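1. no sequence for this one, just the structure:
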DNA sequence: ACGCGCTCCGTAAACGTTTACGATACTATG
DNA sequence: CATAGTATCGTAAACGTTTACGGAGCGCGT
């Protein structure tokens, strides 16, 4: 906007100071909004910085003040989970960023290579001191990363709970609540033999899901049958396999709850191969709502939530655990189970005839 | 593995040196594999570093040697383009990392918030000097980021070509080749009126795709009809809309090529609502092979490729453009169009009766 | 005995920034 | 006029690391 175009990338704050004939310290203070600097000189400095395209070197800054203004989000690049995480991470990331950007914090994603141990990877990353705080995801049943971060005294929050993290901050989808609600609904429709699918890996959400399912059955006085808990991949193939296994049982269930909505595609296909019609002969409930699950016939009963808002909540939880920010977010809860809303479909809308 | 557990996080290289009663310079040389250090002392240093859990502070290192050993991959967090981009990016990322890790380079993903201008975001990131090199994705038809990176003299490569990047390194899927092949196949089956779907945004791949389509028609002496080029979102809904628009035409096409495989789900649904059977009344060709597209009835004709290997290629292209590494990858091509292989399905397997 | 080369190591100067501290000029107050 | 107070700025030290440079010790050939 000034008279000249951008000449060439700046060398450093020193050149900027020389160009302005001002001391380097004053320039720094001006840029960082410190109080003891004349408003007029501050304007000059800001204008010159803009014109010359000066941006503070992050390494120098971090080295001096021990902070990087960067939050890391660790994800596992190609675990089985990722096969189907549509834009799960990117939507949550959007929510995180909407909070972080208000405090000039940048979020970077740290994808752990699939041939590296997540624990070692995280250790390496925090030791490098390139992030001020960490968010870990895909938490496992027992997850040593909680201890690592706590011991390293680096602020963190988890996307997903864990037995190792009972004392630590996390936000997680309400898996057991969903299982509960699904069971209630199916029982109300007359079902007694209800199957459930859980992930094949040791990711914690599977256990939480199964636990909610078990407790709901108990509440209705229905015996828990381990044969009805099917471990399968969270994909269409997984859904196909689930159906396959269930059809092999001598006493086939009349309803099934899937931990991942797209599994319904494979499940529909498999049962229809045996002339069983979903929504008439078998009830199906999926987990999350996905646009592409809407196209299923019959429409899948599932659960809706805003992953963006979950990201917002998670960001606030994290900031409330960072010394520099906890005065801004003092009352944020340390742990949150994020609610989901039932979206009734046709896949479980029938009432079971009590023939059997 | 030594006798003691990890006592507490190291302060810095100075403490490590004191603990070993060795000068700080020697410790640094030992850790960095410099030649002029006794093999025995090196072993001592490495052992102590391992035991005390010392890892070099990245800020200090970067500041001194002007390099960070970090490669940035910029993505746009929630553009309309990519309904399920998690998969796409994470698989490509896997390929990238498999190359980078051999050179102790870490990859971080930089998600541009959707309310920030990608150009400004990138500018901010490179000015901070937190990455040694950049990979940009979702390149647009004209993309100022190429000029920015070239002017900033920071090594980079693009995932996706651009008119702005004709002189610069990139790797991209062979969109025009796919369009070409699809048209050839459809024409061989007797089709003359062939529609195509392109993204609604100004991402460049749509233009490349359409251009390949146009040239293929020309080669077969078929007139190019702009009405048959449908702009739509790359999602199931988009596929539904495409079908909707095509059915409205007075002279409906007999075949359609989709730029995104999952659009077929919506398209199937819409045409079947009008009692038109895909694979019998209308031919459909999708773009990439996706596990969940396999469950479509009739099976979708599409194109298979390895995104992991594309990542490998892209990484090598980038490294060949970095002064510190180009002696290792000297002969890497600067630009690559990545091939895809036809996977014949049933969705276009019929021959058109020349009734019309 | 002398010089030369080699191996190994210590010293200290950078890298770019922030910030505690002190200096200066000016204003207000007695 | 003297003093205190305030606004503004300059100086220099730190942050943790790498690396150019030089020095000490040693072996070896003359």
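-> Nice, I can see it. Just so you know, these numbers come straight off a predicted model, no measurement behind them.
2. and residue A:342, what element?
-> strand A:341-343 (DSSP states H and E).
3. can you list the strands that that strand pairs with?
-> Next to strand A:341-343 in the sheet, as set by DSSP bridges, lie strand A:301-304 (antiparallel).
4. I'd like the distance between residue A:315 and DNA strand C.
-> 23 Å (Cβ to the nearest atom of the strand, to the nearest Å). From N, CA and C alone the C-beta is placed, and that goes for glycine too.
5. quick one: the strands in the stretch 201-350 of chain A?
-> A:229-232, A:255-257, A:283-288, A:301-304, A:335-338, A:341-343 (DSSP state E, counting those that start in this stretch).
6. ok, the third one near chain B or not?
-> No: between strand A:283-288 and chain B, judged by Cβ under 8 Å from any Cβ of the partner chain, nothing touches; the nearest distance is 13.5 Å.
7. distance between that strand and the chain's centre?
-> Distance, stretch centre to chain centre, for strand A:283-288: 20 Å (Cα atoms, centre = their mean, to the nearest Å).
8. now do stretch A:249-264
-> With Cα atoms, centre = their mean, you get 25 Å for stretch A:249-264.
9. swap in stretch A:89-106?
-> 12 Å.
10. now it: buried residues?
-> A:89-100, A:105-106 (16 or more other Cβ atoms under 10 Å in any protein chain shown).
11. tell me what angle the helix ranked longest in chain A forms with strand A:283-288.
-> Scanning chain A for the longest helix, with DSSP state H as the assignment, gives helix A:204-219. Helix A:204-219 and strand A:283-288 are oriented at 140 degrees to each other (axes from the mean of the first three to the mean of the last three Cα atoms, to 10 degrees).
12. get me the contact residues on chain A for DNA strand C.
-> A:11-14, A:24-25, A:28-29, A:31-32, A:34, A:54, A:56-57, A:59-61, A:63-65 (Cβ under 7 Å from any atom of the strand).
13. so which of those residues sit within strands?
-> Judged by DSSP state E, strands contain none of the residues of chain A next to DNA strand C.
14. which of those residues are buried?
-> Buried among the residues of chain A next to DNA strand C (16+ other Cβ under 10 Å): A:13, A:28, A:29, A:31, A:54, A:56, A:57, A:59, A:60, A:61, A:63.
15. residues contacting the nearest residue to the third one once chain neighbours are set aside?
-> In space, not counting the residues next to it along the chain, residue A:29 is nearest to residue A:37; the distance is 4.8 Å by Cβ to Cβ, 6 or more residues apart in numbering or on different chains. Residue A:37 makes contact with A:26, A:29, A:30, according to Cβ atoms under 8 Å, 6 or more residues apart in numbering or on different chains.
16. surely residue A:243 touches residue A:265?
-> No: assessed by Cβ atoms under 8 Å, residue A:243 is found out of contact with residue A:265, at 10.8 Å.
17. the two: which is more packed in?
-> residue A:243 (30 against 26; other Cβ atoms under 10 Å in any protein chain shown).
18. what's the nearest residue to the closest residue to DNA strand D within the stretch 101-250 of chain A if we skip its chain neighbours?
-> For the stretch 101-250 of chain A and DNA strand D, the shortest gap (Cβ to the nearest atom of the strand) falls at residue A:129, measuring 8.0 Å. Nearest residue to residue A:129 in three dimensions, chain neighbours excluded: residue B:57, at 5.2 Å (Cβ to Cβ, 6+ apart).
19. run a quick neighbour tally on residue A:309.
-> 14.
20. so it is in contact with residue A:94, correct?
-> No: Residue A:309 is beyond contact range of residue A:94, at 10.1 Å (criterion: Cβ under 8 Å).
21. would you check how far apart residue A:350 and residue B:176 are?
-> Distance, residue A:350 to residue B:176, using Cβ to Cβ, to the nearest Å: 50 Å.
22. skipping adjacent residues, who's closest to residue A:310 in space?
-> Using Cβ to Cβ, 6+ apart, the closest residue to residue A:310 is residue A:338 (4.9 Å).
23. so how many other residues sit close to the one you found?
-> 17.
24. residue contacts, it?
-> A:171, A:172, A:173, A:174, A:305, A:310, A:313.
25. which one (most neighbours) among the residues you listed?
-> Busiest of these [other Cβ under 10 Å] is residue A:171, holding 26 neighbours.
26. check which element follows the host helix or strand of residue A:179 along the chain.
-> Taking DSSP H and E as the definition, residue A:179 sits inside helix A:175-188. Counting by DSSP H and E, the next helix or strand C-terminal to helix A:175-188 is strand A:194-199.
27. now do the longest helix of chain A: which elements does it pack against?
-> strand A:170-173, helix A:175-188, strand A:194-199, strand A:229-232 (3 or more Cβ pairs under 8 Å, 6 or more residues apart in numbering or on different chains; DSSP states H and E).
28. what sits against residue A:135?
-> A:71, A:72, A:73, A:74, A:96, A:156, A:157, A:158, A:159, A:314, A:318 are the contacts of residue A:135 under Cβ under 8 Å, 6+ apart.
29. also residue A:348?
-> A:185, A:186, A:189, A:255, A:279, A:283, A:284, A:285, A:301.
30. repeat for residue A:123
-> Per Cβ under 8 Å, 6+ apart, neighbours of residue A:123: A:148, B:53.
31. now do the SS call for it.
-> Classification of residue A:123 using DSSP: H, G, I helix; E, B strand; the rest coil returns helix.
32. I'd like the distance between it and DNA strand C.
-> 25 Å.
33. now do stretch A:285-301: distance to the chain's middle.
-> 21 Å.
34. endpoint to endpoint, it covers what distance?
-> Separation of the first and last residues of stretch A:285-301 by Cα to Cα, to the nearest Å is 5 Å.
35. how about that stretch: buried residues?
-> Buried, per 16+ other Cβ under 10 Å, within stretch A:285-301: A:285-290, A:292-296, A:298-301.
36. again, but for stretch A:232-252
-> Here stretch A:232-252 shows A:232-246 as buried, counting by 16+ other Cβ under 10 Å.
37. any idea of the mean pLDDT in it?
-> For stretch A:232-252, mean pLDDT is 92.
38. and for stretch A:214-225?
-> pLDDT averaged over stretch A:214-225 gives 97.
39. that older thread, return only those of the buried residues of stretch A:232-252 found close to chain B.
-> A:235, A:236, A:237.
40. okay if I get those as JSON lines plus distance to residue B:115?
-> Converted to JSON lines, those look like this (distance: Cβ to Cβ, whole Å):
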{"residue": "A:235", "distance to residue B:115": "33"}
{"residue": "A:236", "distance to residue B:115": "34"}
{"residue": "A:237", "distance to residue B:115": "38"}
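41. just the residues you listed now: which is nearest residue A:44?
-> In terms of Cβ to Cβ, no member of those lies closer to residue A:44 than residue A:235, at 59.5 Å.
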